[in-house]
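Enquirer: Starting from these lines, generate the structure:
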Amino acid sequence: MEINTAAADQELQLVIFRLAKEEYGLPITKVQEINRLVPITKLPQTPAFMEGIINLRGRIIPVVDLRKRFQLEVSEYNDDSRIIIVEVNGQTVGIIVDAVAEVVRISLSSVEPPPPSFILDAKYIQGVGKLDGRLLILLEIDQILSTQEAIALKQLNA
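Expert: Purely as a prediction, here's the structure:
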C-alpha cells in the first residue's frame, strides 16, 4: 500500500464543542456562525429533538438539540450553551451544544474511522480524531437529519 504524502499532510480545521462529557468536531466549512442561546419558539407535533425555531436577523432557522438527537441525558441550558448555525444538506439549521471550546487544525493522518464493534449506528460519526492526547468525535453533520426530517425542515424554511 502506497502512502500519498500529500494526503498525509492535509489538515482539517474543526470547531470543537462539548456535549455531555465528550468533545465533538465539525468541519469549519459547515459552520456559518456560533451564537448564544436566544428565545426558541416551540412548534407543535415535531420530533422531540426539534427544539423549535429562532429568528436570526429575519431568517427563520430550525433548531435541533443534539443531546436529544443523540439520546443523551438532557440537561438545563446554561451560560456556556450555544447554538451553532450549520449547513445540513444545503439548508441552514441551528444545533444546540453544551459549549464551544475552540477551533483546531488536525492532520488527516490522525483521523481514524469509528470502531465498528462499539457503534451500532455510526451514521452520525465521520471518524475519531486524535489531538494532544484527546479523542474528538468528528460528526457527519449531513446525517443528523433523515431524508424525511430534512424535507420537513425545508418546507418550514420556505
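Enquirer: Residue 14 belongs to a strand?
Expert: Yes - according to DSSP: H, G, I helix; E, B strand; the rest coil, residue 14 belongs to a strand.
Enquirer: Test my guess that it contacts residue 29.
Expert: No - using Cβ atoms under 8 Å, residue 14 makes no contact with residue 29, being 9.9 Å away. (Glycine included, C-beta is placed from N, CA and C.)
Enquirer: Please say which of the two ends up with more neighbours.
Expert: The neighbour comparison of residue 14 against residue 29 (other Cβ atoms under 10 Å) goes to residue 14, with 26 against 11.
Enquirer: Chain neighbours aside, what residue packs nearest to the residue minimising distance to the centre of the chain?
Expert: Closest residue to the average C-alpha location of the chain: residue 141 at 5.3 Å, with Cα atoms, centre = their mean. Using Cβ to Cβ, 6 or more residues apart in numbering and skipping residues adjacent in sequence, the residue nearest residue 141 is residue 30, 5.2 Å away.
Enquirer: what about the protein, any weak spots by pLDDT?
Expert: Along the chain, the model assigns pLDDT under 70 to residues 1-9, 116-122, 146-158.
Enquirer: can you pull out the helices in it?
Expert: Taking DSSP state H as the criterion, the chain carries its helices at 5-8, 66-69, 147-157.
Enquirer: so where do the strands sit in this protein?
Expert: Assigned by DSSP state E, the chain shows strands spanning 11-19, 22-27, 31-36, 50-56, 59-65, 82-88, 91-97, 99-107, 111-112, 125-131, 134-139.
Enquirer: The shortest one: partners in the sheet, and parallel or antiparallel?
Expert: The one in question is strand 111-112. strand 125-131 (antiparallel) (DSSP bridges).
Enquirer: The strand it pairs with versus strand 134-139: what angle between them?
Expert: If you take axes from the mean of the first three to the mean of the last three Cα atoms, to 10 degrees, strand 125-131 sits at 160 degrees to strand 134-139.
Enquirer: which other residues reach strand 125-131?
Expert: Outside of strand 125-131, the residues within contact range by Cβ atoms under 8 Å, 6 or more residues apart in numbering are 12, 14, 25, 104, 106, 110-115, 119, 135-140.
Enquirer: and those, which are buried?
Expert: By neighbour count, with 16 or more other Cβ atoms under 10 Å, the contacts of strand 125-131 hold 12, 14, 25, 104, 106, 111, 114, 136-139 as buried.
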